[in-house]
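Colleague: here you go, sequence then predicted model.
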2 protein chains.
Amino acid sequence: MQYYDTIILGGGAAAFSAAIYSARYQMTTLLIHEEFGGETSSAGPIENYPGFKKIDGFELMQNMEEQAKALGVTMVSGKAELTENIHHCFQVRVGKELFEGKTLIIAVGMERRKMGLPNEDALKGKGIHYCVTCDGPVFKKKVVAIVGGGDSAVKGANQLADVAEKVYMIVREKDLHRAEPINFEQLKKKVNVHVLYETEVRELVGEKKLKSIQLSKSINGSVTVDLHALFVAIGAIPRSSIPHELGVAMNDRSEIIVDRMMKTSVDGVFAAGDITDATGGFKQIVTAAAQGALAATSAYHDVGTHAANVCNLHAVPIVMPAHDIIKT
Amino acid sequence: MQYYDTIILGGGAAAFSAAIYSARYQMTTLLIHEEFGGETSSAGPIENYPGFKKIDGFELMQNMEEQAKALGVTMVSGKAELTENIHHCFQVRVGKELFEGKTLIIAVGMERRKMGLPNEDALKGKGIHYCVTCDGPVFKKKVVAIVGGGDSAVKGANQLADVAEKVYMIVREKDLHRAEPINFEQLKKKVNVHVLYETEVRELVGEKKLKSIQLSKSINGSVTVDLHALFVAIGAIPRSSIPHELGVAMNDRSEIIVDRMMKTSVDGVFAAGDITDATGGFKQIVTAAAQGALAATSAYHDVGTHAANVCNLHAVPIVMPAHDIIKT
């Protein structure tokens, strides 16, 4: 068994920011990630993270990893399983290794729902995009499309309309009743958005880069539409197995409900990033990083508060770094 | 008169992040700052902004400025005065120039209260520090002091105790009753903190770097204490003249009360950064940047919602970028 002041689950910006802050608080910190870099690392060039005019998402995450490493954060790669949660003691297993933390920070993020088309993964970041705020501005004066019929698809179409020359909106349903009225009203005013109802994407054409898509229905006599980018906004799936096991309160979108300091409903458990309800549907790298910092700060206060009485059910106590006794 | 979708007041991380996001939403954006760079630019080396292992605060702010400039943000340097606020139209004067915004983002920050000692400004960042979370970890195993008797001073002392070899806490009052009990309990356990009650700092000694301080009372037979750093935690003064004029709701610490999306109590007015109550006493560069992004997002939605009916009291309407009419 290895003991830590805090165990962070996740490999994206929220997780690494939490690790950086946690280590700076002199807490023994373990970060367990199944996939390095989270959403950020595959977002392609990032232009909206304050401080970098332009940086590749993967490079940004490598920077954060290096920063955490330099501060002494222990990192383990693999699938984390929660094995025990007794009185503020969280036991996590990765393969055959067992870890115990006084606090737990959940920053496992969400998975964007995919269309399930053959070359979708291969074209990710190369014309297939999942985040309008992140990648939309790149396609100034270009022809783009967005798939989805929910509110986030409508908001995405509105945003793209302000940037792109033309936006096709591909909607499976026969209307956009799931969108918020305000956003739908805005959409109706966007003269460069062309909504295609009861239409689906059948095929993605392009090898190194998306060239065009094939639709289930023809427009202007053809099922082929040439595009610079296709944005996929058909929802996201929270990675909620561990939150479920811990019994933390979640909202109806399966996001973990947090307060302003990223506390969850379970004592000693904090959350940060896309998995939380902290900023509604607005999920950005900088907001995730801020939430990581907040979660680590809350974990630090929690460890200080419960230092004496936690994780003492087990034979081997957690060894705290001893303060030198200073004589004055 | 010059018209903008949003006018951002402030020159720190919150303001520039708001400007970056606002411009990316294709909003016409004006940033007015009295002092470039805010708290960040004078914090010295920054090691807790995720993505940079180490960067000078001023350089980080220059990066953000460059990023905002590249996106077409208009920047004006000078003192902003609010001259009018009619139905979602905010008129701001800088010198002789008059600007009007559909929305206003307040990111003017807070001013750290200073001790008022002669060479305090000259030694800022060179042994005199105002942020424990930012600068504390640099003084690992060093001898430091913290001035202040409130909760933030106690929390600061606790944090410093985990890093430094020895921490002198210099308290003007005869006890620490203003601290939260939890934090005071923690302080009592920190064996390397030496609290000096009813004591004041009289003099800062050192030219290019702080060498020692002179106290109002002797300890161990001397009023001189050699130090690597002195942290000043005697409160902060919000720059609240414009918030007051606008009539936005503030809490008892004169912080602007915001919701999760940085909306204030006044329609069309958003706030971000240290001036807000968003994260309580935990005010960091990354949280300010996140709040700036959120405020800009809210302003964007607000402009979209009120586009037709605002700022039409004046003769010259705000010219919105026209969307090309696309024929399909």
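Modeller: Cool, the structure landed. Predicted model, so just to flag it, every value in this text is computed and none were measured.

Colleague: now stretch A:45-65: average pLDDT?
Modeller: The average of the pLDDT scores along stretch A:45-65 is 93.

Colleague: correction: the previous question concerned stretch A:126-137.
Modeller: Per-residue pLDDT values over stretch A:126-137 give a mean of 89.

Colleague: what residues sit buried inside that stretch?
Modeller: Within stretch A:126-137, the residues that count as buried by 16 or more other Cβ atoms under 10 Å in any protein chain shown are A:127-137. To be clear about C-beta, it is placed using only N, CA and C from the backbone, and glycine gets the same treatment.

Colleague: which residues touch the residue of the stretch 201-328 of chain A found nearest chain B?
Modeller: Nearest residue of the stretch 201-328 of chain A to chain B: residue A:290, at 3.4 Å (Cβ to the nearest Cβ). Listed by Cβ atoms under 8 Å, 6 or more residues apart in numbering or on different chains, the contact set of residue A:290 reads A:17, B:284, B:286-287, B:289-291.

Colleague: okay, and residue A:223 sits in which element?
Modeller: Assigned by DSSP states H and E, residue A:223 falls within strand A:222-226.

Colleague: which element follows that strand toward the C-terminus?
Modeller: Using DSSP H and E, the first helix or strand after strand A:222-226 is strand A:229-232.

Colleague: what lines up beside the strand ranked longest in chain A in the sheet?
Modeller: Identified as the longest strand of chain A according to DSSP state E is strand A:97-106. Strand A:97-106 sits in its sheet next to strand A:2-9 (parallel), strand A:89-94 (antiparallel), strand A:269-271 (parallel), going by DSSP bridges.

Colleague: what angle separates whichever helix or strand comes after the first one from strand A:97-106?
Modeller: Tracing the chain past strand A:2-9, the next element assigned as helix or strand by DSSP H and E is helix A:13-24. When axes from the mean of the first three to the mean of the last three Cα atoms, to 10 degrees is applied, the directions of helix A:13-24 and strand A:97-106 differ by 110 degrees.

Colleague: now the contacts of residue A:290: which count as buried?
Modeller: Burial by neighbour count, judged by 16+ other Cβ under 10 Å, picks out A:17, B:284, B:286-287, B:289-291 from those.

Colleague: looking at those residues, which are in strands?
Modeller: Using DSSP E, none of these sit in strands.

Colleague: most packed of the strands paired with strand A:97-106?
Modeller: strand A:269-271 (a mean of 30; mean count of other Cβ atoms under 10 Å in any protein chain shown).

Colleague: give me the phi and psi angles of residue A:217.
Modeller: Phi and psi for residue A:217, reported as degrees, to the nearest 10, are phi -140, psi 150.

Colleague: which ones are touching residue A:111?
Modeller: Taking Cβ under 8 Å, 6+ apart, we find residue A:111 in contact with A:236-239.

Colleague: out of the contacts of residue A:290, which is nearest to residue B:100?
Modeller: The closest of the contacts of residue A:290 to residue B:100 turns out to be residue B:291 (Cβ to Cβ; 24.3 Å).

Colleague: grab the nearest non-local neighbour of the closest one.
Modeller: Counting by Cβ to Cβ, 6 or more residues apart in numbering or on different chains, residue B:272 is the residue found nearest to residue B:291 once chain neighbours are left out, at 3.8 Å.

Colleague: tally of neighbours for residue A:158?
Modeller: 27 (other Cβ atoms under 10 Å in any protein chain shown).

Colleague: just the pLDDT for the closest residue in space to it that isn't next to it in sequence.
Modeller: Among residues not flanking residue A:158 along the chain, residue A:186 sits closest, at 5.0 Å (Cβ to Cβ, 6+ apart). Note for residue A:186: predicted pLDDT of 87.

Colleague: name the element residue A:186 belongs to?
Modeller: Using DSSP H and E, the element containing residue A:186 is helix A:181-189.

Colleague: please report how far residue A:158 lies from residue B:283.
Modeller: Residue A:158 is 33 Å from residue B:283, where distance means Cβ to Cβ, to the nearest Å.

Colleague: just residue A:217 next, same as before
Modeller: Using Cβ to Cβ, residue A:217 is found at 53 Å from residue B:283.

Colleague: how about residue A:270?
Modeller: Separation of residue A:270 from residue B:283 (Cβ to Cβ) stands at 19 Å.

Colleague: average pLDDT for the longest helix along chain A?
Modeller: If you go by DSSP state H, chain A has its longest helix at helix A:285-306. Across helix A:285-306, the average pLDDT comes to 93.

Colleague: let's verify residue A:64: helix, strand, or coil?
Modeller: Following DSSP: H, G, I helix; E, B strand; the rest coil, residue A:64 is assigned to helix.

Colleague: next, count neighbours for it.
Modeller: If you count neighbours by other Cβ under 10 Å, residue A:64 ends up with 28.

Colleague: that one reaches residue A:20, doesn't it?
Modeller: Yes - contact status for residue A:64 versus residue A:20: in contact at 7.0 Å, counting by Cβ atoms under 8 Å.

Colleague: ok so, going back, output the strands paired with strand A:97-106 in CSV; the columns should cover mean pLDDT.
Modeller: Below are those laid out as CSV (pLDDT from 0 to 100):
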stretch, mean pLDDT
strand A:2-9, 95
strand A:89-94, 94
strand A:269-271, 97
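
Colleague: now those strands in TSV, with distance to residue B:252?
Modeller: Formatted as TSV, these follow (distance: least, Cβ to Cβ, whole Å):
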stretch	distance to residue B:252
strand A:2-9	32
strand A:89-94	37
strand A:269-271	27
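
Colleague: quick one: which of the buried residues of stretch A:126-137 is nearest chain B?
Modeller: Closest to chain B, out of all of the buried residues of stretch A:126-137 and judged by Cβ to the nearest Cβ, is residue A:137, at 5.2 Å.

Colleague: how about residue A:254, secondary structure?
Modeller: coil.

Colleague: dihedrals phi and psi, it?
Modeller: phi 60, psi 20.

Colleague: that one: neighbour count?
Modeller: So residue A:254, with other Cβ under 10 Å, has 16 neighbours.

Colleague: can you check the one 4 residues further on too?
Modeller: Applying other Cβ under 10 Å, we find 25 residues neighbouring residue A:258.

Colleague: would you confirm that it contacts residue A:279?
Modeller: No - assessed by Cβ under 8 Å, residue A:258 is found out of contact with residue A:279, at 10.2 Å.

Colleague: and stretch A:264-279, what's buried?
Modeller: Buried residues in stretch A:264-279, counting neighbours by 16+ other Cβ under 10 Å, are found at A:264, A:266, A:268-279.

Colleague: report the two of those separated the most.
Modeller: Pairwise across the buried residues of stretch A:264-279, and taking Cβ to Cβ, the largest span is found between A:268 and A:279, at 23.3 Å.

Colleague: near chain B, which residues of the stretch 51-200 of chain A?
Modeller: A:51-53, A:55, A:60, A:63-64, A:66-67, A:70, A:133, A:137, A:158-159, A:161-163, A:165-166, A:182, A:186, A:190-192, A:194 (Cβ under 8 Å from any Cβ of the partner chain).

Colleague: before I go, just wanted to say thanks for your time.
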